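Asks: How does the following fold in three dimensions:
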Amino acid sequence: MTYAQQGYYLVQSIATYNLPMYSALTTIPFEEDTISDAERIFSFLDQLKVNGVEYEPLWFDVNNLHIHKEVATIAHRHSIDLWESDWRLIDKINQHAFGTFPKEYQAWGMEKNGAIIQLKDSIGNPMIDMLNPKSLEWLLDTLVENSYGSFLIKLRNYINGYLFDETKLIYRYEWTNRTRPMYYLLPVYSPSVLKQWKDFCKEHSVTFQNAIVDKFPVHTVSMVENNDTMKMYIPGYNENINLQSGETIRTLSIDSQVWQAWYNFLCTTFTNSWLRPFASFIQEIFNSTENWKGIAYFQLMQWELEYSDSLLRGIIIPAQYSGGIWSHSVGVDIIKIAKETNINYIICETYPPLTEFHNKCITIVKTVSTNFHKKFGIMVHRNDYEFLNDTEETKRWIVINDSSPDIIVRYPIPTVQKVLIHRKYSRTEFVLTESELKFIKSLESYRNNEAIMER
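Replies: This is a model prediction of the structure:
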């Protein structure tokens, strides 16, 4: 495996459709020929000193592999790596893009009143149970046999890396980032998960009133039915935690022992039952190929860190920050993930504007990466179609210089995106703006271990 080196510049995201009728290289369809578009785009990305792109084929039909291969060949001609991604893969699984999974692998959820039901997604498709080891076993067997597995295997010499892109347990409804998401909104209440929870409680001596816990915990008595075989009331869940600006994280209440064990169980099981076998599956396909960079876990800062983590004690929440620190609520424990042998990079995604709070969180993720011998990456360049701002750029490059990431991630490159999205721009108008030239200069200085910018 060839690791990404300091200053490796990774851009999100480039996608291809499989059918020539769409003739699209980017996530927005447009009318010109796919291959000529690929040449124009990768030629421009080459000028921007890009090393790799998150590559998102939107469909996996082996009969149209020639389009993906031609695009990949053009990228490689410009020395640009392609990183396959699991972005929206769960949606495709639930939509039966890879076959209909057996009913016993369907996820179960909990209603606000405690009722446990089998779950469907927003358009009525059954949701797969991500914590059932047999669900992923079925999925990986199916992927090998059907289009996705064949697609990856046939592209093995064209793909250079794999990105777990914000991969986590999925909540059933929207929530406010400042307020802790409620536990019962997770799709984690199947009979399979209950059995695993019971085994976990026995192994780790999780007790309540001197007895081993053997049911799902709920936070109110009213959620437990008479003779309930699946749920039990456990006090000590801190329901209405809100992150307010100026508040110190150490003042926020910590859950009782059983509730801490429940979230530990979710993180352990998600890592062991989903991420580990999936990462192994990907490494097995690609590990022997030339210029394989490995697997990166990429996640938003608020889903990589947990408010109850001792590492965050004493950090003050800034006025500009609008998101919670709720990683355990979505099954993510960055330390558990960093311990995984088949995951090679940990990437911390942030959302502007940068504050000292972000800097401290980046430092924590960097420390975890270093402690477990992972390469480290950050995304401080999240622009959402806005052009680079000199003031923010100065802060970003100071953070990059201080944290020394191997991978620098960016989304999007406005010059490219605006050309493709807004009709008032010419489709051939790929212009190196002054701000982009400054970015390139800073990037090359960083790669060469030179001073980045004046502080």
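
Asks: So for the helix or strand hosting Trp138, mean pLDDT?
Replies: In the assignment (DSSP states H and E), Trp138 maps to helix 133-145. Throughout helix 133-145, pLDDT has a mean value of 85.

Asks: In that helix, which residues are buried?
Replies: Applying a neighbour-count criterion of 16 or more other Cβ atoms under 10 Å, the buried positions in helix 133-145 are Pro133, Ser135, Leu136, Trp138, Leu139, Leu140, Thr142, Leu143. C-beta here means a position set from N, CA and C on the backbone, and glycine is covered the same way.

Asks: how about that helix as CSV, C-alpha atoms only?
Replies: Extracted C-alpha coordinates of helix 133-145, given in CSV (Å, rounded to 0.1, in the frame of the first residue of the first chain):
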residue,chain,number,x,y,z
PRO,A,133,-23.9,-9.3,11.8
LYS,A,134,-25.8,-11.6,9.6
SER,A,135,-27.3,-8.5,7.7
LEU,A,136,-23.9,-7.5,6.6
GLU,A,137,-22.8,-11.1,5.9
TRP,A,138,-25.8,-11.4,3.6
LEU,A,139,-25.0,-8.0,2.0
LEU,A,140,-21.3,-8.8,1.4
ASP,A,141,-22.2,-12.2,-0.1
THR,A,142,-24.8,-10.4,-2.3
LEU,A,143,-22.3,-7.7,-3.3
VAL,A,144,-19.8,-10.2,-4.5
GLU,A,145,-22.4,-11.9,-6.7
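
Asks: which strands and helices sit next to that helix?
Replies: helix 147-154, helix 276-286 (3 or more Cβ pairs under 8 Å, 6 or more residues apart in numbering; DSSP states H and E).

Asks: just checking, next helix/strand downstream of the first one?
Replies: Once helix 147-154 ends, the next helix or strand along the chain (criterion: DSSP H and E) is strand 161-165.

Asks: by how many degrees do that next one and helix 276-286 diverge?
Replies: 160 degrees (axes from the mean of the first three to the mean of the last three Cα atoms, to 10 degrees).

Asks: Tell me how far Glu166 lies from Asn291.
Replies: 25 Å (Cβ to Cβ, to the nearest Å).

Asks: Looking at these two, which one has more neighbours?
Replies: When neighbours are counted by other Cβ atoms under 10 Å, Glu166 and Asn291 differ, and Glu166 comes out ahead with 16 against 12.

Asks: Can you name the residues that contact the more buried one?
Replies: Applying Cβ atoms under 8 Å, 6 or more residues apart in numbering to Glu166 gives the contacts Trp87, Phe298, Gln299, Leu300, Trp303, Glu349.

Asks: repeat that for 7 Å
Replies: The contact partners of Glu166, taken as Cβ atoms under 7 Å, 6 or more residues apart in numbering, are Phe298, Gln299, Leu300.

Asks: between these, which is closest to Tyr171?
Replies: Leu300 (13.7 Å; Cβ to Cβ).

Asks: Show me what the spatially closest residue to the closest one that is not a sequence neighbour is bridged to.
Replies: Take Leu300 and drop its neighbours on the chain: the residue closest to it by Cβ to Cβ, 6 or more residues apart in numbering is Glu349, 4.7 Å away. Glu349 has these beta-bridge partners by DSSP bridges: Leu300, Met379.
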